[in-house]
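> Generate coordinates for the sequence data below:
(one chain, ligands or ions: 2)
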Amino acid sequence: RKISEKHDKVFVTGCQDPALETNQPRANAAFVVLARNKELEGVLQSLKSVERHFNRWFHYPYVFLNDGDFNSTFKDEVRKHVSSNVEFGKIDSSMWGFPDWVDHNVAKEGIRKQGDAAIMYGGMESYHHMCRFYSGFFYKHELLQKYDWYWRVEPEIKYFCDITYDPFIHMERNNKVYGFTIAVKELKETVPNIFRYASAYKRVNNITSTNLWDMFLEPKPEKPADELPKDDPKYKKPLPEDILRTEPGAGTIPDVDPESMEGETYNMCHYWSNFEIARLDWFRSKEYEDFFQMMDRSGGFWMERWGDAPIHSLAAGVLLNVSQVHYFRDIGYRHTTIAHCPANAKARQQNRPPYLETTTLDEKKRIEEDAYWEEWDEEKENGVGCRCR
Ligand code: GDP
Ligand code: MN
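Ligands and ions are numbered 1, 2, ... in the order given. Model prediction:
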């Protein structure tokens, strides 16, 4: 089934007047940006876009995180490009890198092998750490403790359309937990065993299928899986003993048929997590923590290259209902090569409110403000804008 049929509808159609929208109270929320000093250019590009299309009106704060130290150039430049408060935090070794319980040599060897196999980012140790951090730790960082919601921002992202309403407030009002704008298929070789563990978590905890779960499943084969010929890829094999082992160690993923599980097969679909608006208390819940622990203990963050996107997505599939997930189909977004263009963009472009932050700016300020944003308006320059050519 199409993503659009599975998920809910837009919160708001067309453009709101941001001056009126921002009269309302804000949510307890922040942007979260994980980055390195060397990514400053890409970060600034993202900030310009976020500010230009949303935060110039709403002024949500930013939290920047890094496993190293941000230098003063990075911090100064960031501060110059945002209209709100910014905090910079360091990630310590309790949230980044190999944990004590893992045999570092085994893990490093696992990563090396993925490099040899030319798996995307497979041989890059820091990428594995990043994925694990975004899967099980970012929401535990001390700078995020005071927030209920987060909106993830990465270097080199771009918003095409003005976002003239407060997505956090609308999510809160509609009892949403997780929001996405793009769903794509994962590279199989990065997650050969991920579904076994997600599925095992579901079974061990007696979670009967949520109505979101089937979004992540290939259509069922005609016959029950254990009645299929043994050489059929969907034949149900008995679960190996060690699949549920919880003792410390890396390399505990059994080398067995990676996909069939109770007759179910992962379709590789996942919400693309570089854009994400979500409730932090969901990540902080016991259920999510247990899910993360089980996934983590398998060693899949090293012995395979599990991304935080399929982790978040499968956790949602196990723990959330369709009604708790919001599809931001109205948000035009691009990161590197993948983009989402909203269907109602043209109408929004035409009804666009004036580029004014508040009515309190005097004439001179307004002109300055306009010039400032026009300069950043790259979309206008190449004629893309909300029209998404
Ligand atoms: P891709 O989008 O999957 O190609 O991965 P990215 O290279 O964009 O990384 C995802 C996010 O994690 C981005 O926000 C990066 O800035 C950040 N990131 C990746 N690796 C590291 C790292 O080693 N240290 C820090 N501080 N951030 C990282
Ligand atoms: Mn990226």
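
> check which helix or strand covers the residue nearest the centre of the chain.
Nearest to the mean C-alpha position of the chain, by CA atoms, centre = their mean, lies residue 273 at 1.9 Å. In the assignment (DSSP states H and E), residue 273 maps to no helix and no strand.

> Need phi/psi at it.
Per-residue torsions, residue 273: phi -80, psi 0 (degrees, to the nearest 10).

> Please give the element, helix or strand, for the closest residue to it other than its chain neighbours.
The shortest distance from residue 273 to any non-neighbouring residue, by CB to CB, 6 or more residues apart in numbering, is to residue 309 (4.0 Å). C-beta here means a position set from N, CA and C on the backbone, and glycine is covered the same way. Assigned by DSSP H and E, residue 309 falls within helix 308-319.

> Poorly predicted segments of the stretch 251-389 of the chain, please.
Regions of the stretch 251-389 of the chain meeting the criterion pLDDT under 70 cover residues 251-260, 343-363, 365-367, 369-389.

> which parts of it sit against ligand 1?
Residues of the stretch 251-389 of the chain lying close to ligand 1 (CB under 6 Å from any ligand atom) are residue 274.

> and the residue in the stretch 251-389 of the chain that ligand 1 sits nearest to, what does it touch?
Going by CB to the nearest ligand atom, ligand 1 is nearest to residue 274 of the stretch 251-389 of the chain, at 5.4 Å. Applying CB atoms under 8 Å, 6 or more residues apart in numbering to residue 274 gives the contacts 152, 154, 157, 309, 335.

> Top of these by number of neighbours, please.
When these are compared by neighbour count (other CB atoms under 10 Å), residue 309 ends up highest, at 23 neighbours.

> all strands of the chain, in order?
Secondary structure of the chain (DSSP state E): strands at 29-34, 62-66, 86-90, 149-153, 157-159, 178-180, 183-185, 269-271, 276-279, 325-327, 333-335, 338-340.

> deepest of those strands, which one?
strand 178-180 (a mean of 25; mean count of other CB atoms under 10 Å).

> Adjacent strands (with direction) for that strand?
strand 276-279 (antiparallel), strand 325-327 (parallel) (DSSP bridges).

> Just give me how far the last one sits from the chain centre.
Relative to the mean C-alpha coordinate of its chain, strand 325-327 is positioned 12 Å out (CA atoms, centre = their mean, to the nearest Å).

> again with stretch 332-341
14 Å.

> Residues touching it, excluding its own?
Taking CB under 8 Å, 6+ apart as the rule, stretch 332-341 contacts 154, 156-161, 181-182, 184, 272, 274-275, 329, 331, 342, 345, 386, 388.

> rerun that using 6 Å as the cut-off
The contact list for stretch 332-341 (CB atoms under 6 Å, 6 or more residues apart in numbering) reads 157-161, 181-182, 274-275, 342, 345, 388.

> Mind picking the two most distant members of those?
Farthest-apart pair in those is 274 and 345; separation 20.5 Å (CB to CB).

> Switch the contacts of residue 274 over to a markdown table; also include distance to residue 322.
Formatted as a markdown table, the contacts of residue 274 follow (distance: CB to CB, whole Å):
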| residue | distance to residue 322 |
| --- | --- |
| 152 | 22 |
| 154 | 26 |
| 157 | 26 |
| 309 | 19 |
| 335 | 25 |
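
> closest to residue 213 among these?
Nearest member of these to residue 213, counting by CB to CB, is residue 309, at 16.8 Å.

> The closest one touches residue 270, doesn't it?
Yes: Residue 309 is in contact with residue 270 according to CB atoms under 6 Å; the separation is 4.6 Å.

> how near is the spatially closest residue to residue 143 that is not a sequence neighbour to ligand 1?
Nearest residue to residue 143, sequence neighbours excluded (CB to CB, 6+ apart): residue 89, at 4.2 Å. The gap separating residue 89 from ligand 1 is 11 Å, by CB to the nearest ligand atom, to the nearest Å.

> Kindly report the same for residue 174.
Distance from residue 174 to ligand 1, by CB to the nearest ligand atom: 28 Å.

> Name the residues of the stretch 51-200 of the chain found near ligand 1, please.
When proximity is defined by CB under 6 Å from any ligand atom, the stretch 51-200 of the chain lies next to ligand 1 at 66-67, 126-127, 130, 154-155.

> one more time with 8 Å, if that's ok
Residues of the stretch 51-200 of the chain lying near ligand 1 by CB under 8 Å from any ligand atom: 65-68, 91, 96, 121, 126-127, 129-130, 134, 153-156.

> Now the buried members of those.
65-67, 91, 96, 121, 129-130, 134, 153-155 (16 or more other CB atoms under 10 Å).

> Can you lay out the residues you listed as CSV showing pLDDT?
Output for these, formatted as CSV (pLDDT from 0 to 100):
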residue, pLDDT
65, 98
66, 98
67, 98
91, 98
96, 98
121, 97
129, 98
130, 98
134, 98
153, 98
154, 98
155, 98
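
> quick check, nearest of those residues to residue 316?
Closest to residue 316, out of all of these and judged by CB to CB, is residue 134, at 14.3 Å.

> need the contact list for the residue nearest to the closest one when sequence neighbours are not counted.
Closest residue to residue 134 apart from its sequence neighbours, by CB to CB, 6+ apart: residue 308 at 3.6 Å. Counting by CB under 6 Å, 6+ apart, residue 308 touches 131, 134-135, 273.

> Look up how far residue 290 lies from residue 308.
Separation of residue 308 from residue 290 (CB to CB, to the nearest Å) stands at 17 Å.

> cool, and residue 152?
Taking CB to CB, one finds residue 152 at 23 Å from residue 290.

> re earlier: so the residue nearest to residue 143 bridges to which residues?
Here residue 89, judged by DSSP bridges, has bridge partners residue 65.

> Same check on residue 278?
The residues that residue 278 bridges to, once DSSP bridges is applied, are residue 150, residue 178.

> so it touches residue 176, yeah?
No: the criterion here is CB under 6 Å, and residue 278 misses it with residue 176 at 8.7 Å.
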